[in-house]
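Q: generate coordinates for the sequence data below:
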Amino acid sequence: MKILYIVPFFYPVKGGAENHIYYLAKELVKKGHDVHVITSNLDRNSLIKKEFEIIDGIKIYRLKSYFRISNFVSFFPAVFTKINKFDYDILHIHGFRHPHNLIVFLTKKPKLITPHWPEYPSKVRGSFLDFLTKLFDLFLAKIIFRNCDYICAVNKLEIDWYITSLSRLHQSKGLDLIIKVAQYFPNTYFFIAGSRAGYETYLHKLIKSKNLNNVIIIEELEEKLKLDYLSSSDIFIHPSYYDAFGISILEAFSQKNAVIASNAGGIPWVIEGAGLLFKTGSEKDLKFKLTILINDKKYRKELSKKGFERAKQFIWEDIAVDLEDLYKSLL
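A: The predicted model follows:
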């Protein structure tokens, strides 16, 4: 397949979204696909002089950016003419509320969009950008999404913390510990996702008995939505009573989650210093470790970086396979 990515910034620009796109593109090239990236010539606060280069087989076209609205939004109008020169099979747009989102109206080829960036509060955006955001959402957002064949991510919720877990909804996974701990963190949302395994009824009853409105169970999360789910998360909890490996930990690492996991089975080997371990089955220790991550931003970021590097040893090829299957399903 010939795959075209359009993104505001790209490697070597540093950032979660930029890393996400780079590693996936790199793996898709390894699998024999022709991957092109159209991006701006900006490196956040400076210019990148090379208009075209090939990095790890990825063909990168950097177009002149005429103005920047913020550190995350740039305008490179040549993209609207450049796109017509590509005979691509799949168009994957990264970033939302960007001028290049309008490209969805110019092509009938299969289109995907990955928003990536969270919903920033008005006080963070500033009054002018907040005004533009409201205009975009009012007149364009729904139309753009309707003109895409697939949406690969959701925006981060406007809550203090977004904490996830991903496993079978089975008693052996220790998910009741998350619910018991949630009562101590009222401004934090806990999402428990996984396939039904007979334990979900008890979990719902436990939530109800504690009168919690900050715990949400997502049953039968689609495989193709897992990474989107994790990409919106701040902290990932894996409280299993036993796991030989724990692939969901690596998936959380790959999305830059700070991870807390039980010290059961092969989990400590997977974590290998890139996350926090708590005593298996201990509600008290889980609460203690979660409090540490919530209160210590520097340490949390340090762990998320370590986890991301740890995941690179295992996961990017698997993610690329899933994305490749998704692309094929849209053709």
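Q: for the host helix or strand of L326, buried residues please.
A: Per DSSP states H and E: L326 is located in helix 316-330. Neighbour counts over helix 316-330 (16 or more other Cβ atoms under 10 Å) mark W316, I319, A320, L323, E324, Y327 as buried. The C-beta positions use only the backbone N, C-alpha and C, and glycine is treated the same way.
Q: nearest to H33, out of those residues: which one, please.
A: Checking the buried residues of helix 316-330 against H33 with Cβ to Cβ, the nearest one is E324 at 7.3 Å.
Q: quick one: contacts for the closest one?
A: M1, L28, K31, H33 (Cβ atoms under 8 Å, 6 or more residues apart in numbering).
Q: ok, now with 7 Å
A: Contacts for E324 were tallied using Cβ atoms under 7 Å, 6 or more residues apart in numbering; they are L28, K31.
Q: columns pLDDT on top of the buried residues of helix 316-330, output as JSON lines?
A: As requested, those are arranged in JSON lines below (pLDDT from 0 to 100):
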{"residue": "W316", "pLDDT": "68"}
{"residue": "I319", "pLDDT": "72"}
{"residue": "A320", "pLDDT": "82"}
{"residue": "L323", "pLDDT": "83"}
{"residue": "E324", "pLDDT": "88"}
{"residue": "Y327", "pLDDT": "88"}
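Q: for stretch 142-153, buried residues please.
A: Neighbour-count burial for stretch 142-153 [16+ other Cβ under 10 Å]: I144, N147, C148, Y150, C152, A153.
Q: equivalent analysis for stretch 43-59, please.
A: I48, I55, I58, K59.
Q: got a list of what the closest residue to the first one other than its chain neighbours touches?
A: Among residues not flanking I48 along the chain, N41 sits closest, at 5.2 Å (Cβ to Cβ, 6 or more residues apart in numbering). Contacts were defined as Cβ under 7 Å, 6+ apart; by that measure N41 touches L47, I48, R62, L63, K64, S65.
Q: against I38, how distant is the nearest residue to L4 once chain neighbours are set aside?
A: Counting by Cβ to Cβ, 6+ apart, L4 lies nearest to Y88, which is 4.1 Å off, once chain neighbours are set aside. The gap separating Y88 from I38 is 10 Å, by Cβ to Cβ, to the nearest Å.
Q: next, show the common contact partners of those two.
A: By Cβ under 7 Å, 6+ apart, the residues touching both Y88 and I38 are L4.
Q: the more surrounded of those two?
A: When Y88 and I38 are compared for neighbours, I38 comes out ahead with 24 against 19, by other Cβ atoms under 10 Å.
Q: the helix or strand where that one lies pairs with which strands?
A: If you go by DSSP H and E, I38 is part of strand 34-40. Sheet pairing of strand 34-40 (DSSP bridges) gives strand 2-6 (parallel), strand 58-63 (parallel).
Q: name the residues that touch it?
A: Residues from elsewhere that reach strand 34-40 (Cβ under 7 Å, 6+ apart): 2-10, 25, 28-29, 58-63, 65, 74, 76, 79, 82, 86.
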